[in-house]
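> coords please:
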Amino acid sequence: MRILYLFILLLTFTSLWTACKKQDIQALDLKDTYYPLQVGKYIIYDVDSTVYDEFTHSSYTHHLQVKMLVADTFRDSNMKLNYRYERYTRENTTQSFQLADVWSATKEYGRVEVVEENQRFIKFIYPPVLGSSWKGNAYIKADLSDPRSKFLGDWDYSFSAVDEGFDLKGTHYDSTLVVLENGELIPQVENSNFKTIYAKHIGPIYAKREYLEKQPSDLTWQSGFSVEYRINSHN
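The predicted structure follows:
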């Protein structure tokens, strides 16, 4: 079922996060401190996910914490520097984090590429300029027989805010930017809201991944999912 495939994929937070070296003056001009990447850096998120069931006309909500850690670096077959980052989860703060996934990321040629679940995404481009856009899922070839690749093919990513203040959970962030991700949808039937907010010197502090479907003759949403990530702590 398409919704199930997408929910499993997007609950992992396709790409919330990667790593980089200390910045020189040229790098600072590119504003790449929005992706402050270094080995040992982590962010812990509070995650709320909701699935809407079209058969039972009910919803199911789940809460957990996710820790994203830049664990190491390595060179790939082309000798390109990659960052290994690990995703840990736990149901509540009384439990220990358990390793869930291992992904990788690389940054060069003015962009950050992240590999998650064997899919490569162009998550970020430099410098971030209000209104600029790019094909973030350019590496993903749409396959009509595969609900996941069909859904993710040919998405437009864009900066909808750059260097703006933002308040989250009682904390004010002086400089943030917003990346929107938009795919091709069926008007009046499908609705999506994919957004990531980055804070300077921290990285992603908030993300929303929402996809909803409804019947053309019905004004109420019938099925879909919504996942929100809110920063809890970081180093």
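> hey, where'd the strands end up in the chain?
Ranges of strands in the chain, per DSSP state E, are 42-53, 58-75, 81-90, 98-108, 111-116, 119-125, 133-134, 156-168, 171-182, 190-199, 203-213, 223-234.
> what's the closest of those to residue 141?
strand 119-125 (10.4 Å; CB to CB). To be clear about C-beta, it is placed using only N, CA and C from the backbone, and glycine gets the same treatment.
> neighbouring contacts of that closest one?
For strand 119-125, the surrounding residues in contact (CB atoms under 8 Å, 6 or more residues apart in numbering) are 14-15, 18, 34-35, 105, 110-115, 132, 134-140, 152, 157, 179.
> By mean pLDDT, which helix or strand of this structure comes out lowest?
In the chain, no helix or strand scores lower on mean pLDDT, DSSP states H and E than helix 25-29, which sits at a mean of 45.
> hang on, the earlier thing: same list (the strands of the chain) but as JSON lines, adding mean neighbour count and mean pLDDT.
Output for these, formatted as JSON lines (neighbours: other CB atoms under 10 Å; pLDDT from 0 to 100):
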{"stretch": "strand 42-53", "mean neighbour count": "18", "mean pLDDT": "94"}
{"stretch": "strand 58-75", "mean neighbour count": "15", "mean pLDDT": "94"}
{"stretch": "strand 81-90", "mean neighbour count": "19", "mean pLDDT": "95"}
{"stretch": "strand 98-108", "mean neighbour count": "16", "mean pLDDT": "93"}
{"stretch": "strand 111-116", "mean neighbour count": "20", "mean pLDDT": "92"}
{"stretch": "strand 119-125", "mean neighbour count": "21", "mean pLDDT": "91"}
{"stretch": "strand 133-134", "mean neighbour count": "16", "mean pLDDT": "94"}
{"stretch": "strand 156-168", "mean neighbour count": "15", "mean pLDDT": "95"}
{"stretch": "strand 171-182", "mean neighbour count": "17", "mean pLDDT": "95"}
{"stretch": "strand 190-199", "mean neighbour count": "20", "mean pLDDT": "90"}
{"stretch": "strand 203-213", "mean neighbour count": "21", "mean pLDDT": "92"}
{"stretch": "strand 223-234", "mean neighbour count": "19", "mean pLDDT": "94"}
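> Residue 225 contacts residue 52, correct?
Yes: at 6.9 Å, residue 225 and residue 52 qualify as touching, with contact defined as CB atoms under 8 Å.
> Residue 207 versus residue 175, what's the distance?
Residue 175 is 18 Å from residue 207, where distance means CB to CB, to the nearest Å.
> can you check residue 89 too?
Distance, residue 89 to residue 207, using CB to CB: 15 Å.
> ditto for residue 113
18 Å.
> Repeat that for residue 221.
In terms of CB to CB, residue 221 sits 21 Å off from residue 207.
> swap in residue 65?
Residue 65 is 14 Å from residue 207, by CB to CB.
> ok, what's across the strand from the nearest residue to residue 133 once chain neighbours are set aside?
Leaving aside its sequence neighbours, residue 133 sits nearest to residue 158 (CB to CB, 6 or more residues apart in numbering; 3.9 Å). Per DSSP bridges, the residues bridged to residue 158 are residue 133, residue 180.
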